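**Student:** no sequence on this one, just coordinates:
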DNA sequence: CGTTATGTACACCGCCCTGTGTGCTTACGG
DNA sequence: CCGTAAGCACACAGGGCGGTGTACATAACG
């Protein structure tokens, strides 16, 4: 069974309306933005009656918050759990984002909602902090002198690349990865021999 | 060329309704966002009748675009024209933003409008490119080996700090400035303190 | 089987949004 | 001083939005 533990109480009945709603949220909120996606349209895409949607979520705000919570597996955990890479490679792999990503949805949500008290905004903050923390962990693993600082710096680079990609409509992650390589090599006292002084690859 | 060609005919009469509208736009669009600011509210703040607003601007879209065009003096030109600073100091001064700034309005507009074809989005792109170009000019003046690359990198840092400041609700510009200092010193062949990378001396 | 949670179909409400139509007042400049 | 353009007050249209009420269908599980 696909759905096991979703709601406030463990419901295992039903035929997956909630999942369809969240799946449609992923698609539409990312493609069109949150504010420009109406509940009517969302329910149509999810093939769910509007009534059902409002039985699963008290309002659009709650749906948005849950939409953000259901996001991380695609980016965050997919990178940090790769044991086939060295810590340094894992740090750089965080910048290898597939071009399918319009914009980091957390930034988009924080800008669109425009309310720091909104549950989704709060979760976006938590998520960003968590990413920086995991980057810091990996940086520590890589032997960085100041892992927290390096993690924060790399997180800033990722966000900068995301924002700039959106505004300029051009991929800015390679440039960010180049900066990251410099910062990483600067932060690790005695780096590995072969990849320490490589050329900047991006133009 | 301040106000010669605004309306259907060049009029220098009137008591400044257009300026009040744009001024109110600056305030409200930044404080509340574009989508969350209605024309009614905007006209009330501007002390302008709605009819007058729509005689100056064909629609909200045009007003938004003009609002963005009227923005740069506060940040861009204020930094690059300072002759009392060395080029290197000017590059770093771009990260000294007053805490009055909620978020770079160009990023906000691009995210909120969510349409790359929107005039305001296009202008945001142009502006970001212009900033990167001016950063590159200053980088060249400072003697950077690859001024275009450094300019693009610094622009990315600025955008990253802006986005991260918004999401985390905490000032991220100091961290960005720290990264910038590293990049600048790495990019300038004969830097003040260290000479870690003296491979080629061009220009 | 029947009960009950789950989902459906569809109309509907009230609100706010962008944008107009109309008639009136003000102020500038010749 | 008078004409004319700028601005104003106000109502309203048209539509999309979030959200609900009601009556009905269906699937799961005892």
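**Tutor:** Looks like it came in fine. Bear in mind that the values here come from a model prediction, so they are computed numbers and not experimental data.

**Student:** Residues of chain A that sit close to DNA strand D?
**Tutor:** Residues of chain A lying near DNA strand D by C-beta under 7 Å from any atom of the strand: A:12-15, A:36-41, A:50-51, A:54, A:58-61. Yep, even glycine has a C-beta here, placed from its N, CA and C like the rest.

**Student:** Going through the residues you listed, which ones are buried?
**Tutor:** Among the residues of chain A next to DNA strand D, the ones that count as buried by 16 or more other C-beta atoms under 10 Å in any protein chain shown are A:36, A:37, A:60.

**Student:** quick one: the residue nearest to residue A:102 when sequence neighbours are not counted from DNA strand D, how far?
**Tutor:** Distances taken as C-beta to C-beta, 6 or more residues apart in numbering or on different chains place residue A:30 nearest to residue A:102, at 5.7 Å, with adjacent residues excluded. Residue A:30 sits 15 Å away from DNA strand D, going by C-beta to the nearest atom of the strand, to the nearest Å.

**Student:** Also residue A:180?
**Tutor:** Residue A:180 is 37 Å from DNA strand D, where distance means C-beta to the nearest atom of the strand.

**Student:** What of residue A:177?
**Tutor:** Distance from residue A:177 to DNA strand D, by C-beta to the nearest atom of the strand: 37 Å.

**Student:** For the closest residue to chain B within chain A, the count of nearby residues, please.
**Tutor:** Going by C-beta to the nearest C-beta, chain B is nearest to residue A:160 of chain A, at 2.2 Å. Each residue near residue A:160 was counted by other C-beta atoms under 10 Å in any protein chain shown, and the total is 29.

**Student:** Identify each buried residue in stretch A:138-156, please.
**Tutor:** For stretch A:138-156, the buried set under the neighbour-count rule, 16+ other C-beta under 10 Å, comprises A:138-140, A:142, A:144, A:147, A:149-156.

**Student:** could you pull out the helices for chain A?
**Tutor:** Using DSSP state H, the helices assigned to chain A run over residues A:17-32, A:39-46, A:50-56, A:60-69, A:76-80, A:87-93, A:105-113, A:119-141, A:147-168, A:173-187.

**Student:** what is the orientation angle of the first one with helix A:39-46?
**Tutor:** Calculated by axes from the mean of the first three to the mean of the last three C-alpha atoms, to 10 degrees, helix A:17-32 forms an angle of 110 degrees with helix A:39-46.

**Student:** buried ones in helix A:17-32?
**Tutor:** For helix A:17-32, by 16+ other C-beta under 10 Å, it's A:17, A:18, A:19, A:20, A:21, A:22, A:24, A:25, A:28, A:29, A:30, A:32.

**Student:** From what I see, the last one and residue B:114 are in contact.
**Tutor:** If I follow you right, that is residue A:32. Yes: if you go by C-beta atoms under 8 Å, residue A:32 and residue B:114 touch, sitting 6.6 Å apart.

**Student:** can you tell me which residues contact residue A:132?
**Tutor:** For residue A:132, the contact set (C-beta atoms under 8 Å, 6 or more residues apart in numbering or on different chains) comprises A:151, A:152, A:154, A:155.

**Student:** Quick check, residue A:179 in contact with residue B:183.
**Tutor:** Yes: applying C-beta under 8 Å, one finds residue A:179 in contact with residue B:183, separated by 6.6 Å.

**Student:** Quick check: the gap between the residue nearest to residue A:102 and residue B:124.
**Tutor:** According to C-beta to C-beta, to the nearest Å, residue A:30 and residue B:124 sit 20 Å apart.

**Student:** Likewise for residue A:97?
**Tutor:** According to C-beta to C-beta, residue A:97 stands 22 Å off from residue B:124.

**Student:** The two: which has the busier surroundings?
**Tutor:** A count of neighbours by other C-beta under 10 Å puts residue B:124 above the other of residue A:97 and residue B:124, at 26 against 20.

**Student:** how many other residues sit next to residue A:108?
**Tutor:** 24.

**Student:** where does it land on pLDDT?
**Tutor:** On the pLDDT scale, residue A:108 is placed at 95.

**Student:** That one - nearest residue in space that isn't next to it in sequence?
**Tutor:** residue B:111 (5.7 Å).

**Student:** List the contacts of that neighbour.
**Tutor:** Residue B:111 neighbours (C-beta under 8 Å, 6+ apart): A:33, A:103, A:107, A:108, A:111, A:112, A:166.

**Student:** Before I go, just wanted to say thanks for your time.
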